[in-house]
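*Asks:* how would this look folded up:
(chains A, B and C)
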Amino acid sequence: MRTPATPFSFEELARRIGAEPRGRAVPISGVAPLESAGPSQIAFYSNPRYRKELQATRAGAVIVCEDDVAHVPASAARLVSAQPYVAFAKASALFHAGLAVEPGIQKGALIDDTAEVHPTAAISPGAYVGPGARIGSRTTLHAGARVLDCARVGEDCVLWPGAVVREHCIVGDRVILQPNAVVGSDGFGFAFDLAGDGNGPMHRKVPQAGIVRVEDDVEVGACSCIDRATLGETVIGRGTKIDNLVQVGHNVRVGPLCLLVAQCGISGSTELGQGVVLAGQVGVVGHLRIGDGARAGAQAGVAHDVADGETVTGYPAIPHRDWLRMSVALPRVPELLREVRRLQQRVEQLEKERE
Amino acid sequence: MRTPATPFSFEELARRIGAEPRGRAVPISGVAPLESAGPSQIAFYSNPRYRKELQATRAGAVIVCEDDVAHVPASAARLVSAQPYVAFAKASALFHAGLAVEPGIQKGALIDDTAEVHPTAAISPGAYVGPGARIGSRTTLHAGARVLDCARVGEDCVLWPGAVVREHCIVGDRVILQPNAVVGSDGFGFAFDLAGDGNGPMHRKVPQAGIVRVEDDVEVGACSCIDRATLGETVIGRGTKIDNLVQVGHNVRVGPLCLLVAQCGISGSTELGQGVVLAGQVGVVGHLRIGDGARAGAQAGVAHDVADGETVTGYPAIPHRDWLRMSVALPRVPELLREVRRLQQRVEQLEKERE
Amino acid sequence: MRTPATPFSFEELARRIGAEPRGRAVPISGVAPLESAGPSQIAFYSNPRYRKELQATRAGAVIVCEDDVAHVPASAARLVSAQPYVAFAKASALFHAGLAVEPGIQKGALIDDTAEVHPTAAISPGAYVGPGARIGSRTTLHAGARVLDCARVGEDCVLWPGAVVREHCIVGDRVILQPNAVVGSDGFGFAFDLAGDGNGPMHRKVPQAGIVRVEDDVEVGACSCIDRATLGETVIGRGTKIDNLVQVGHNVRVGPLCLLVAQCGISGSTELGQGVVLAGQVGVVGHLRIGDGARAGAQAGVAHDVADGETVTGYPAIPHRDWLRMSVALPRVPELLREVRRLQQRVEQLEKERE
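*Replies:* Model prediction:
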């Protein structure tokens, strides 16, 4: 971010991002949006909503897929890719290094004597590592990140301010916890006890004695919460990405390469296969099985198992194609009611005349 | 958690959890899930989804209700209880003590000179107690928990990292605040002022001059927010349990023994009776009265008062039985539209023929 | 809050809040709810739900609009205003000063040597200001607020505990960040890369190289998250107020004077005009344009552009008047199904008889 740009020749850049260069461009020193990119910057196009911005762009080159090549104005070179967004991600990464913190334990960091912090890890002021906790090499704890007793955080992780890893939880390598993300909060487990402890009925707390295991290459969004298991483990699978304000209940098992979009929630003991996508504000009830590659549309309320590859929408969630038909039909119900009333009258009239 | 297990004889364990022992078992040293429990551990069964795991279990004993006794395999003893989940909670608590922090103010804790911290309270590094605030006996503030000016936290409480109790708020005894939970944020109160202060219209902030009062035995989930009152108090009643990412607006009064499941939200000045259950992602509009024992199904949008004992679902929420009927009927609307069109043609035909 | 009350004469108070005094009252020393106000306090009335409380009030005076004057009991004077809630906000502000922190850098605050903190700013213990960051005059950072590298926070701001402003973000004047609010978390940007880096497919992170710009007079609620832009800026417009647990995606542009109610979410690159109101738990998909003065009802799922001044509701969101008609009609669908079945039989009968 804001690193001094190292310019790349157009051809070198193309090679690094795996795109085919077409046309000529001056050396490239950065990426920018279509509307603000200049001749030494590249931009990216894929959403037809931004066709006008594409046509007016002053970018030196534009990353596009083969089908969109013709829409790029003559002033810009093309970087043609079968996966243009991937090529853009690679290009942007060449110019933006992310915030670097100096290795070592900075003044004001709070490290328990029994914690093991790798010498190449960077621990900012106000970050905390508790008794028996371990922090791997090249991992960064920003100010106010907290790793409690006996928890383990792997290598090359970034814990932003206010991120919490509670006791005994396990976080793999290359994991990113956005600000105020919580790993290992107690699951919501209470047994309603009619007898109680002598003061009438109570919700008796069920100890949440398990942990959370976050596998490699996971990202957890700001203020997202992953509850520890009642017994055993809550698992977030390798390469899964979790957006902000997401709730993952106790004993949930999320497979690899899933995408959990902002404000969705998964109730306890539900299992997601691999590559599952839950759109924003989706809710999934507990003890379900969501199959590999399944998808749930925004705000869906998933109350039953979902088969591999199935897409569901609505509340309660039904197959997406059925839901589409239904959601087009429902606004016509008021008219339908009137229509049926008229039909009843006409039939009544016919019945009368018959007599 | 991970405390060295103190084994109990099967009969002693049964006595302590209020279950009836049937059969024989070796001394019990822990609880475990059905699928991983060994002969010196007990497991728990109640959800028929896990019948297969029950039949294959190697647990020394299984906690069940009378009706499920026959399903327990012969290899396992039974612990029969009218409230099996309660018995399980008690059993688990025997073996899992939770994370203990040494009493006293640890190095790196930030305590104002005018704060009163009981000598038996445990204040971790990076925790903060502001001017005039009071912390009761045996209460734990983990790293980065914060209690602001003149707030009071009772006895035997646990405030996890990042939990905040803002100024003047009152927290009872045995209260748990999960990581990054917020007690006493400003309510969302703005008066739209057409005149403003000379720079055109503005949303004028209404001072949120009240407090939050959290009664005894309440738990507040990770990243849940309870807004302080505009005037007076927002109240969370005794023994109520709040899951993660829940919003409680200003001047809301939640009765005792309620359950507010993850990501639900209650708008300002609404009152909940006792034992109310709001399922996940429910929304309740402001100034309503939700009666004792009322329930709202997942994702319900509650726009009207709910009577004692009533269960509502849907958006806008209606009685659950009506909603069930409706939600079965709605997917048939597309076909119904076609059906009515056909009927119209047939009636038209009959009308023609009659002439 | 809890400041010793400075009494105002009834007339002086009326003048200060821009209301017309009618009747007589003793000097006023505070504001209180209708049900608890005494003779030296004023109360506020506008919602007919609280008519009973109004009739029983012992307040010295009540703020009301002209139409409600007749409902105020004879014992109370009236403060008549065309904008009674605005007058109440002004009155309350006279008596409630908010929590004051002494200017200067307190012991236990963590300030990088290269940070610029104005001498009149108040930095509490455990607050953090990173390298190159700037804090304006009279701004308060409560315990555990964090401003990372090169970020800028303007004048007269209040950052409550756990609030985070990530690197390079820009926060204007008079901005309030409630506890654990997050400004500048990474946007949810991943490009699915079939090739990956040699270990199979992966979600490749797209650098979130932009910033968030929060304009003057904005408030951000507890645990709300505003993602930084992929490139360029995510913008929160002047005077916009954001409630708790709200999600604002990367590259979103929110206009001035909007209200985003608790738990709503806005997906990436969507633009909101000025004065837009999103009610609680609303979701808005990405790349949309929501016009000036548009509104979305609680839990709406907005999937298409919304015109200026339009109000939408439901999922998918439709114009509010259509939705009202529809939501009244839908519960009648089960009966409609039966009705149509009966009609079919009657028509069949008529057709038979005709033969």
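*Asks:* Figure out how far the longest helix seen in chain A is from the centre of its chain.
*Replies:* Longest helix of chain A, by residue count under DSSP state H: helix A:333-354. Mean C-alpha position of helix A:333-354 versus that of the full chain (Cα atoms, centre = their mean, to the nearest Å) differs by 52 Å.
*Asks:* Show me chain A divided up by domain.
*Replies:* Domain segmentation of chain A under automatic domain parsing yields A:10-95, A:104-322.
*Asks:* does any bit of the longest helix of chain A sit next to chain C?
*Replies:* Yes. Residues of helix A:333-354 contacting chain C under Cβ under 8 Å from any Cβ of the partner chain: A:333, A:334, A:336, A:337, A:340, A:343, A:344, A:347, A:350, A:351, A:354. To be clear about C-beta, it is placed using only N, CA and C from the backbone, and glycine gets the same treatment.
*Asks:* For ChimeraX, what selects the buried ones among those?
*Replies:* In ChimeraX, a selection of the buried entries from the residues of helix A:333-354 next to chain C looks like this (16 or more other Cβ atoms under 10 Å in any protein chain shown):
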select /A:333,334,336,337,340,343,344,347,350
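*Asks:* contacts with chain B among the residues of helix A:333-354 next to chain C, please.
*Replies:* Restricting these to those near chain B by Cβ under 8 Å from any Cβ leaves A:333, A:336, A:340, A:343, A:347, A:350.
*Asks:* Return the closest of the residues you listed with respect to residue B:201.
*Replies:* Among these, residue A:333 lies closest to residue B:201 (Cβ to Cβ), at 39.8 Å.
*Asks:* Quick check: closest non-adjacent residue to residue A:247.
*Replies:* Counting by Cβ to Cβ, 6 or more residues apart in numbering or on different chains, the nearest residue to residue A:247 once its immediate chain neighbours are dropped is residue A:265, at 3.8 Å.
*Asks:* Tell me, how many residues neighbour that neighbour?
*Replies:* 28 (other Cβ atoms under 10 Å in any protein chain shown).
*Asks:* Any stretches of chain A with poor pLDDT?
*Replies:* When residues are selected by pLDDT under 70, those of chain A lie in A:1-5.
*Asks:* Next, the contact list for whatever residue of the stretch 151-300 of chain A ends up closest to chain C, please.
*Replies:* Using Cβ to the nearest Cβ, the single residue of the stretch 151-300 of chain A nearest to chain C is residue A:222, 3.8 Å away. Neighbouring residues of residue A:222 by Cβ atoms under 8 Å, 6 or more residues apart in numbering or on different chains: A:160, A:178, A:179, A:180, A:181, A:244, A:245, C:182, C:185, C:225, C:227.
*Asks:* and the fourth one, what helix or strand is that in?
*Replies:* What it means is residue A:180. Assigned by DSSP states H and E, residue A:180 belongs to neither a helix nor a strand.
*Asks:* How many residues are close by it?
*Replies:* Residue A:180 - counted by other Cβ under 10 Å - has 34 other residues nearby.
*Asks:* Equivalent analysis for the fifth one, please.
*Replies:* Residues contacting residue A:181 under the criterion other Cβ under 10 Å number 32.
*Asks:* same check, this time on the first one
*Replies:* Taking other Cβ under 10 Å as the criterion, the count of residues near residue A:160 is 28.
*Asks:* distance of it from residue C:126?
*Replies:* 17 Å (Cβ to Cβ, to the nearest Å).
*Asks:* now the fifth one
*Replies:* The span separating residue A:181 from residue C:126 equals 19 Å under the rule Cβ to Cβ.
*Asks:* next one: the second one
*Replies:* Distance, residue A:178 to residue C:126, by Cβ to Cβ: 21 Å.
*Asks:* Residue A:20 reaches residue A:82, doesn't it?
*Replies:* No. Using Cβ atoms under 8 Å, residue A:20 is not in contact with residue A:82; the gap is 9.5 Å.
*Asks:* Please identify the helix or strand for residue A:11.
*Replies:* helix A:10-17.
*Asks:* helices and strands around that helix, which ones?
*Replies:* Counting contacts by 3 or more Cβ pairs under 8 Å, 6 or more residues apart in numbering or on different chains; DSSP states H and E, helix A:10-17 packs against strand A:20-22, strand A:77-80, helix A:84-95.
*Asks:* any chance of these in JSON lines, plus mean neighbour count?
*Replies:* As requested, the helices and strands packed on helix A:10-17 are arranged in JSON lines below (neighbours: other Cβ atoms under 10 Å in any protein chain shown):
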{"stretch": "strand A:20-22", "mean neighbour count": "16"}
{"stretch": "strand A:77-80", "mean neighbour count": "23"}
{"stretch": "helix A:84-95", "mean neighbour count": "24"}
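*Asks:* now for these, which one comes closest to residue C:60?
*Replies:* helix A:84-95 (63.1 Å).
*Asks:* Show me the contact partners of that closest one.
*Replies:* Identification of contacts with helix A:84-95 by Cβ under 8 Å, 6+ apart yields A:3, A:5-6, A:8, A:13, A:16-19, A:29-31, A:42, A:44-46, A:63-65, A:68, A:79, A:81, C:189-193, C:195, C:204-207, C:209, C:230-231.
*Asks:* are any of these buried, and which?
*Replies:* Members of the contacts of helix A:84-95 classed as buried by 16+ other Cβ under 10 Å are A:5, A:8, A:13, A:17-19, A:29-31, A:42, A:44-45, A:63-64, A:68, A:79, A:81, C:189-191, C:193, C:204-207, C:209, C:230-231.
*Asks:* so what's the nearest residue to residue A:240 once chain neighbours are set aside up against?
*Replies:* In this structure, residue A:240 finds its nearest non-sequential neighbour in residue A:258, 4.3 Å apart by Cβ to Cβ, 6+ apart. Shown in contact with residue A:258 (Cβ under 8 Å, 6+ apart): A:237, A:240, A:241, A:272, A:274, A:275, A:276, A:277, A:278.
*Asks:* What's the separation between the first one and residue C:320?
*Replies:* Using Cβ to Cβ, one gets 42 Å for the distance from residue A:237 to residue C:320.
*Asks:* These two - which one has more neighbours?
*Replies:* Counted by other Cβ under 10 Å, residue A:237 and residue C:320 do not tie: residue A:237 has more neighbours, with 22 against 17.
*Asks:* I'd guessed that one sits against residue A:259; true?
*Replies:* No. Applying Cβ under 8 Å, one finds residue A:237 not in contact with residue A:259, separated by 11.7 Å.
*Asks:* Which stretch among the domains of chain A is buried most, on average?
*Replies:* Stretch with highest mean neighbour count among the domains of chain A: domain A:104-322 (a mean of 23; mean count of other Cβ atoms under 10 Å in any protein chain shown).
*Asks:* Just the terminal-to-terminal distance for that one.
*Replies:* Terminal residues of domain A:104-322 lie 57 Å apart, using Cα to Cα, to the nearest Å.
*Asks:* Distance from the chain centre to that domain, please.
*Replies:* That offset, for domain A:104-322, works out to 12 Å (Cα atoms, centre = their mean).
*Asks:* Could you check how far the residue nearest to residue A:256 when sequence neighbours are not counted is from residue A:250?
*Replies:* Distances taken as Cβ to Cβ, 6+ apart put residue A:237 closest to residue A:256, at 3.9 Å, once the chain neighbours are dropped. Distance from residue A:237 to residue A:250, counting by Cβ to Cβ: 16 Å.
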